[in-house]
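Novice: Provided below for reference: sequence and predicted model.
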Amino acid sequence: MTTTSGLSVRLTAHPFQRIGAFALSSLVHRTRKNLKQLTHPLELTEEDLRSANANMTRDLERTTDIADSKGPHGFWLGASYLFWPNCPINTTNRKSLIGQGLKDKLAAWRHLPENDTVVDARCVLCDHPACGFYGKRDVPLTESSSYRNTTIPTHEGMALCRGCLLSFYALPYGCAIWGGRATALHTWDDDLLRALTKFQVDQTRRHAVTGAPPGTRPSYARQLAALGRLRGYEERVTDGVELMVFTNSNKEQDLAVHAMDQPATEWIRDLPKPSLHWLGRAHRWEKVPGRSMLARNLFDLPERVIPAVSHFLRERALGKGGICAQTPLLSATCSDYATKVLQVSSTDMDQIDQLAARIAHVLNTEDDKELKKFLQARKKLTTLRAWLQRQSVERTLRTKESDPFITQRQWRLLFDAEDRVFLHRDLLFIGVLNHLHELKPSWRGHDHDDVSTDDLIPDADLDAEND
C-alpha cells in the first residue's frame, strides 16, 4: 500500500459530483461571497478543501446535541436522513450517544487523511488514486438496484478519491431540500452550473438557519423555481438543464429527471416578459396556476405549449369578447417557439402562414358565423378536411383565382406529417386568428389584462445574488 499527496477536485461525468464540486467553492467560506470572489473548483487548494470539509462538519456538529430534526438546528439532521441515512450519526442508538459520543463518530466519519491512501484501485469517476470504497452511507443512490452502475451486491462500494468524496459530501448544499426530496439543477454548461449552484448553496445555508419560507408551495414548484433561475441568468446558455429530484433514504431510493434541452433553455431565458406573462396566462387550467402548467410543459411536455395557447385563443374567440387582443403577441411567441425549440422549418412555417391568410380572408365577413363554423370544423380531422375541400371547390368554381386554396404540400403538413399534424393544425389556427385580428378592427377583442400573479414566473436575480 502506497500513498500519494495532493488533495484536489476534478469535474467528472457524474452530475451529483459536479454539483458538489461547484458547491465546494462556496463552502470554503463560512459566509456568503460573490460569485467573482469564488475560486473555480479545479483551482481549489488542499487548504481550501480542508476548510470546506471543516465547515461542512461544523454544520453537522450542530445536530449532535439534538434528539430529532424538528427543533432548532434540525435542518441538517433531517437532510442526513435523506442523503446519508446509514451514516455514523444516524445509528439506532443515537439518543444514547447525544453529545460527545456523536461528535466522536462524526469526527471519525468526516476525517480526511493527510494523503490519498491507494487501495489498489483508482477513482471510478476521475481515475485519480482512490482513498477507499464508498456506498450508500456516503454517495446517494449508489446501492439502488435501479441506478447502480459501479458496484455489485456485497461489495464495499465504489472507489473514490478524496476530491470526489468531498464533492458528494457537498452535494446537499447544492440542492433544495423539502417534501422528502432533494432537488438539484445540473447542466454541462459549466458557467451556468457554477452560477446555479452558488445561488442554491446560499439559499440552502440560509434555510438551514431560518427555515424554509412560510406558505404553501404552488403546483410544480420545483420546475417553477428552475425556470426562475434560468430566467435570471444573463449569459449565453450552451447546454440544456436537468432537474433532478431524488432521495437516498432507507424508505425508498428514487430519482426523477426532468430535462430541458439547450434550445428550450435558451429560448425561455431570452423570452421577453410580456410574452412570458401571456404564455403563462394561456396555460391557466382550472385550479392550476398558468405559471405552474407552463413550467410543467417546458420540462416534461414541450409539445403541449402550443396546443395550450391554441385552446386558450379558441375559448376567447368563441366567447362574446371577440378575438383575444393579445393574439399577435401569442402568435409571434408560438412561431418563435415552433422554429427554435420544436425545430419546425421556416419553409413549413411560411406554408402554414400562407394558408392561414387565405382562410382568414374567407372568414372575414360582416358577422362571425363563418368563423364559428371554422372553429367547430377544426376540432376533428374529418370535419377540417371536409371544410378545406369545400373551400377548394368554392375557390375553383366561383372565383378567377389561379392558385389553389390549399396546395399539396400544405395538405400534407395538415394530414400527412406523422406526429406533427396536430402541431401544424394548431399553428394554422393561431395564424388564422392572427390574420383576422389584422384584417379588421371589429374582430379585435377589448379583453382586459387578466394576467394574475399566479400566471407570472418571477425571475430569480442570479446576477444580484452572484455579483
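Specialist: Perfect, thanks for sending it.
Novice: alpha carbons only for contacts and neighbour counts from here, please
Specialist: Noted.
Novice: my guess is G74 meets E61, correct?
Specialist: No. Contact between G74 and E61 fails when scored by C-alpha atoms under 8 Å: they sit 10.9 Å apart.
Novice: mind listing what E401 touches?
Specialist: By C-alpha atoms under 8 Å, 6 or more residues apart in numbering, the contact list for E401 reads R395.
Novice: now do 6 Å
Specialist: For E401, no contacting residues are found, by C-alpha atoms under 6 Å, 6 or more residues apart in numbering.
Novice: Just confirm it is within a helix.
Specialist: No. When the secondary structure is assigned by DSSP: H, G, I helix; E, B strand; the rest coil, E401 falls in coil instead of a helix.
Novice: so where do the strands sit in this structure?
Specialist: All strands of the chain, identified by DSSP state E, fall at 3-4, 116-117, 132-134, 158-160, 176-178, 181-187, 241-247, 254-260.
Novice: Can you list the helices and strands that the third one packs against?
Specialist: To tie it back to what came earlier, the one meant is strand 132-134. Judged by 3 or more C-alpha pairs under 6 Å, 6 or more residues apart in numbering; DSSP states H and E, strand 132-134 is in contact with strand 158-160.
Novice: Tell me the helices and strands packed up against the strand it packs on.
Specialist: For strand 158-160, the contact count by 3+ C-alpha pairs under 6 Å, 6+ apart identifies strand 132-134 as packing neighbours.
Novice: Direction included, what does the strand it packs on pair against?
Specialist: Strand 132-134 has the following strand partners under DSSP bridges: strand 158-160 (antiparallel).
Novice: Could you check how far the nearest residue to L224 once chain neighbours are set aside is from L243?
Specialist: The shortest distance from L224 to any residue other than its chain neighbours is 5.5 Å, reached at A295 (C-alpha to C-alpha, 6 or more residues apart in numbering). Taking C-alpha to C-alpha, to the nearest Å as the measure, A295 falls 12 Å from L243.
Novice: Please report phi then psi for D367.
Specialist: When read as degrees, to the nearest 10, the backbone of D367 gives phi -120, psi -170.
Novice: what number of residues lie near it?
Specialist: If you count neighbours by other C-alpha atoms under 10 Å, D367 ends up with 11.
Novice: any idea how far L313 is from it?
Specialist: Taking C-alpha to C-alpha, one finds D367 at 18 Å from L313.
Novice: Spatially, what comes nearest to Y81 if we skip its sequence neighbours?
Specialist: S249 (6.0 Å).
Novice: dump the residue contacts of the one you found.
Specialist: Neighbouring residues of S249 by C-alpha under 6 Å, 6+ apart: Y81, L82, P85.
Novice: how about 8 Å then?
Specialist: Counted by C-alpha under 8 Å, 6+ apart, S249 has contacts Y81, L82, F83, W84, P85.
Novice: Need the per-residue pLDDT for the spatially closest residue to the fourth one that is not a sequence neighbour.
Specialist: Okay, so that is W84. Of all residues beyond its chain neighbours, the one nearest W84 is R137 (5.1 Å), with distances taken as C-alpha to C-alpha, 6+ apart. Looking at R137, its pLDDT reads 88.
Novice: Tell me both backbone torsions, phi and psi, for R137.
Specialist: Backbone torsions for R137, taken as degrees, to the nearest 10, come to phi -60, psi -30.
Novice: how close does it sit to F16?
Specialist: Counting by C-alpha to C-alpha - R137 and F16 are separated by 15 Å.
Novice: what's the neighbour count on the residue nearest to N53 when sequence neighbours are not counted?
Specialist: Spatially, and ignoring its direct neighbours in sequence, N53 is nearest to L166 (7.1 Å; C-alpha to C-alpha, 6+ apart). Residues near L166, counting by other C-alpha under 10 Å, number 25.
Novice: Confirm for me that L166 is in contact with A54.
Specialist: No. In this structure L166 lies outside contact range of A54 using C-alpha under 8 Å: 10.9 Å.
Novice: Show me the helices in the stretch 101-250 of the chain, by range?
Specialist: Residue ranges of the helices in the stretch 101-250 of the chain, as given by DSSP state H, counting those that start in this stretch, are 162-170, 190-210, 221-231.
Novice: Using JSON lines, please lay out the strands of the chain together with mean pLDDT, mean neighbour count and distance to E235.
Specialist: Supplementary listing: the strands of the chain in JSON lines, determined by pLDDT from 0 to 100; neighbours: other C-alpha atoms under 10 Å; distance: least, C-alpha to C-alpha, whole Å:
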{"stretch": "strand 3-4", "mean pLDDT": "45", "mean neighbour count": "14", "distance to E235": "39"}
{"stretch": "strand 116-117", "mean pLDDT": "70", "mean neighbour count": "20", "distance to E235": "38"}
{"stretch": "strand 132-134", "mean pLDDT": "90", "mean neighbour count": "19", "distance to E235": "37"}
{"stretch": "strand 158-160", "mean pLDDT": "90", "mean neighbour count": "25", "distance to E235": "34"}
{"stretch": "strand 176-178", "mean pLDDT": "94", "mean neighbour count": "19", "distance to E235": "23"}
{"stretch": "strand 181-187", "mean pLDDT": "97", "mean neighbour count": "23", "distance to E235": "14"}
{"stretch": "strand 241-247", "mean pLDDT": "96", "mean neighbour count": "21", "distance to E235": "15"}
{"stretch": "strand 254-260", "mean pLDDT": "95", "mean neighbour count": "17", "distance to E235": "17"}
